[in-house]
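Student: only geometry, no sequence info:
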């Protein structure tokens, strides 16, 4: 059973407290509260200091789940309205995660919590960053998902851009790294299907390099990105296993971009 199945299957010991715990409580409601009480009673004082004895990976997965959908709702509302495309994108992420009906409902509630004026963005990001520790690949994947959601309606509103920059800075992502992530997302949603070769410009955007990059620079960029997005590596860092499809799509996009650049250069 994946992490999603465990979330409502009795493993409530992941309770993290803080804004993440509060959002989970609001999303799962009475059943969540009762589950926490049961686990707390069964463990007594033995696990209270480290997330009730559960592993760090499950803590990260839970924080990722909570932050992903709540922040997505907050970004969607940044320009004053939530479009049908942005809601569709949120549902697409839920589909990738293969959420059952109860978890899907919880994710939708998290999305709605994020839209509220009093959403504790700063505190949540601080807690998420702490839970993710130094797992930069997890934080980058989180940021890519937020960018994809923001671009769901085809444009990035200035208010959304300002908010995304604030989020990336709070998570320790440098401006150059953010710009590269945004370029990759823009290249990936340029309208081509997964079987079509990207344009040369989009290929360079995906790899985050300029067209005059040397062959060794192209290869280094490709290997670095493949290492960052390898599904097995991301799961080992705490990405929910159900997210592997998104990670696999990213590696496919990176490989197609690299192959397109190699083919162009070899034909000269």
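Tutor: That came in fine, so what should we check first? Since we're looking at a predicted model, the values are computed, not measured. Numbers count the residues shown, from 1 in each chain.

Student: Domain-wise, how is this protein divided?
Tutor: 1-173, 186-268 (automatic domain parsing).

Student: what about the ones you listed, which gets the closest to residue 179?
Tutor: Residue 179 sits nearest to domain 186-268 of all the domains of the chain, at 8.1 Å, using Cβ to Cβ. The C-beta positions use only the backbone N, C-alpha and C, and glycine is treated the same way.

Student: so how far is that closest one off the chain centroid?
Tutor: 17 Å (Cα atoms, centre = their mean, to the nearest Å).

Student: likewise stretch 107-120?
Tutor: 16 Å.

Student: And stretch 155-173, by the same measure?
Tutor: Remark: stretch 155-173 is offset 14 Å from the chain centroid, using Cα atoms, centre = their mean.

Student: what's the pLDDT at the residue nearest the centre of the chain?
Tutor: Centrality entry for the chain: nearest residue to the mean C-alpha point is residue 142, 2.4 Å, by Cα atoms, centre = their mean. At residue 142, the model reports a pLDDT of 91.

Student: Any figure for the gap between it and residue 60?
Tutor: Distance from residue 142 to residue 60, counting by Cβ to Cβ, to the nearest Å: 11 Å.

Student: Now the element after the one helix or strand residue 146 maps to, going C-ward?
Tutor: Using DSSP states H and E, residue 146 sits within helix 136-150. Scanning forward in sequence from helix 136-150 by DSSP H and E, the next helix or strand is helix 158-170.

Student: Show me what secondary structure element comes after that next one.
Tutor: With DSSP H and E, the next secondary element past helix 158-170 is helix 175-188.

Student: mean confidence for that following helix?
Tutor: 85.

Student: before we move on, the earlier item: what's the closest of the domains of the chain to residue 180?
Tutor: Each of the domains of the chain was scored for nearness to residue 180 using Cβ to Cβ, and the closest is domain 186-268 (3.8 Å).

Student: Quickly note the distance from residue 249 to residue 206.
Tutor: Per Cβ to Cβ, residue 249 is found 12 Å from residue 206.

Student: name the helices or strands packed onto the helix holding residue 146?
Tutor: Judged by 3 or more Cβ pairs under 8 Å, 6 or more residues apart in numbering; DSSP states H and E, the packing partners of helix 136-150 are helix 56-76, helix 84-97, helix 121-132, helix 158-170, helix 175-188, helix 215-229, helix 231-237, helix 244-266.

Student: next one: that helix to chain centre, how far?
Tutor: 4 Å.

Student: That helix versus helix 244-266: what angle between them?
Tutor: For helix 136-150 against helix 244-266, the angle by axes from the mean of the first three to the mean of the last three Cα atoms, to 10 degrees is 90 degrees.

Student: tell me which residues of helix 136-150 are tucked away?
Tutor: 137-150 (16 or more other Cβ atoms under 10 Å).

Student: same question, stretch 102-114
Tutor: For stretch 102-114, using 16+ other Cβ under 10 Å, the buried residues are 103-104, 106-114.

Student: will you turn the residues you listed into a markdown table that also has pLDDT and secondary structure?
Tutor: Putting the buried residues of stretch 102-114 into a markdown table (pLDDT from 0 to 100; DSSP: H, G, I helix; E, B strand; the rest coil) gives the following:
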| residue | pLDDT | secondary structure |
| --- | --- | --- |
| 103 | 78 | helix |
| 104 | 84 | helix |
| 106 | 84 | helix |
| 107 | 87 | helix |
| 108 | 91 | helix |
| 109 | 91 | helix |
| 110 | 92 | helix |
| 111 | 93 | helix |
| 112 | 93 | helix |
| 113 | 94 | helix |
| 114 | 95 | helix |
